[in-house]
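**Student:** Okay, sequence plus prediction incoming.
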Amino acid sequence: MTLVHGGGDRASNHTSFVVDQLGLAIVAGEYPPETMIPLDPDLCEMFGVSRTVVREAKKTLIAKGLIQSKAKVGTQVRPADGWNMFDQDVMRWHASVKNPTRYYEELFEIRMIFEPAAAAQAAGRVNQIDCDDLFSLCDALENAESRADFALADYEFHKQVLRLSGNRFLQSLGDLVQTALYSLFMSESVATFPERRKTVVDRHRTVAAAIASGVPAEAQDAMRRVINDGYRNALPDKAAPAS
């Protein structure tokens, strides 16, 4: 049993590797939409894996919307508007490419649509315990000892706002926010982070206070400012998304 399990782990790791390499290459444009990816034997040689691994990797990429297989034709890259942009791997690959400007623009656009609305919803639903949790997360932001700790506290704050909205669809977007904030964290200059830190904390406290006050419009506006600040930091030469 142990040997079989170990072999399965190795196969799974190989499949994940192939998925990651092919997915990143597709998103980076190495295989443009409507072109063919290499044939299975060529992929086996490229990655040093079995045909089983290649087939499983292709199934995963098909599920993510990146490729499609056609009988007697081969495996073709799908147009970018058919990709599953809510998939965490797809988002991570976009953040890893050389010039992810369009990705950041779209990411902040979708956040601007649902996060201020979630904050407004939360303002009409919360109790004191919920508000205490939000302010505690603001304290965690302020007292974070590393940028990684800061990023985690930031994500937990936004996730909590989505939860407090009471809307399960909004809550399910937490992974999207996590990936967005991680991408922003990775793009941010280490040199400018310390000076921005207090502003970020203050903006989040304003969101928490607005939600605690029970005024949806104030909570909505406060969250818009948080997102706009993040956008301007990620793309300083671009105009902020419409609010």
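**Tutor:** On my side now, so go ahead. Predicted model only: the values in this text are computed from it and were never measured.

**Student:** From now on I want contacts and neighbour counts done on CA atoms only, so please keep to that.
**Tutor:** Noted.

**Student:** residues touching the residue nearest in space to the middle of the chain, list them.
**Tutor:** Note on the chain: the residue nearest the mean C-alpha position is Thr179, at 2.2 Å, using CA atoms, centre = their mean. When contacts are counted by CA atoms under 8 Å, 6 or more residues apart in numbering, Thr179 touches 88, 91-92.

**Student:** between those residues, which has the most around it?
**Tutor:** Neighbour counts for the contacts of Thr179 peak at Met91, which has 20 neighbours (criterion: other CA atoms under 10 Å).

**Student:** which regions of this structure lie under the pLDDT threshold?
**Tutor:** Applying pLDDT under 70 to the chain flags residues 1-11, 180, 183-193, 235-243.

**Student:** What ranges does it have for its helices?
**Tutor:** Secondary structure of the chain (DSSP state H): helices located at 2-27, 40-47, 51-63, 88-96, 101-123, 128-143, 147-164, 168-171, 174-187, 193-213, 216-234.

**Student:** Convert the shortest one to PDB, retaining C-alpha atoms only.
**Tutor:** It refers to helix 168-171. Taking Å, rounded to 0.1, in the frame of the first residue of the first chain, the C-alpha atoms of helix 168-171 are listed here in PDB:
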ATOM      1  CA  ARG A 168     -23.200  33.300   0.300                       C
ATOM      2  CA  PHE A 169     -22.300  34.300  -3.300                       C
ATOM      3  CA  LEU A 170     -20.200  37.200  -2.000                       C
ATOM      4  CA  GLN A 171     -18.600  35.000   0.600                       C
END
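
**Student:** Any buried residues in that helix, and which?
**Tutor:** Going by neighbour count (16 or more other CA atoms under 10 Å), the buried part of helix 168-171 is 170-171.

**Student:** Which elements pack onto that helix?
**Tutor:** helix 147-164 (3 or more CA pairs under 8 Å, 6 or more residues apart in numbering; DSSP states H and E).

**Student:** ok, how many other residues are close to the closest residue to Ile211 other than its chain neighbours?
**Tutor:** Once flanking residues are discounted, Ile211 sits nearest to Ala123: 4.1 Å by CA to CA, 6 or more residues apart in numbering. When neighbours are counted by other CA under 10 Å, Ala123 registers 28.
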